[in-house]
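>>> Turn this into a structure:
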Amino acid sequence: MPPRFREPPGLPGCPVEAALSFIGGKWKGIVLYHLLGGTLRFNEIRRRMPGVTQRMLTTQLRELESDSLIVRVVYPEVPPRVEYSLSAKGRTLGPVIMALKAWGEEHVCSPAISARPANTAA
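Below you'll find the predicted structure:
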């Protein structure tokens, strides 16, 4: 396990917490979702995620690569071409990402939810 995911002493931890440490945050799950469709270059990913800065996307891609969830291939060309794809380990997250997508479509993007007044309790 990479050093940044070592369990702090005295904390029990749990499998959900461990899994979220790999895919948690605002952008990693979205990157993984877009890579489910196949190999993408950096700017293709960036165009699909207009709210992310170049620096943040680079950081997230590096972390996903260091966690062996994605594969980065650099081609020796001028200008350099870099492609990202899911690793075998990253592809195992496919059902999880698609389940999150389905949940979001049902519970967040449904017309009944968006039509509900803001001061109403769920």
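>>> Can you list the low-confidence ranges for this protein?
The model of the chain has pLDDT under 70 over residues 1-12, 110-122.
>>> Just the helices from it, written as ranges.
Using DSSP state H, the helices of the chain run over residues 15-23, 28-35, 42-48, 54-66, 88-91, 94-107, 111-115.
>>> Mean neighbour count, those: which tops it?
Stretch with highest mean neighbour count among the helices of the chain: helix 28-35 (a mean of 20; mean count of other Cβ atoms under 10 Å). C-beta coordinates here come from the backbone N, C-alpha and C atoms, glycine included.
>>> tell me what that helix is packed against?
With contacts defined as 3 or more Cβ pairs under 8 Å, 6 or more residues apart in numbering; DSSP states H and E, helix 28-35 has these neighbours: helix 15-23, helix 42-48, helix 54-66, strand 70-75, strand 81-86, helix 94-107.
>>> Phi, psi for residue 50 please.
With angles defined as degrees, to the nearest 10, residue 50 sits at phi -60, psi -20.
>>> For it, the count of nearby residues, please.
Neighbour count for residue 50, taken as other Cβ atoms under 10 Å: 6.
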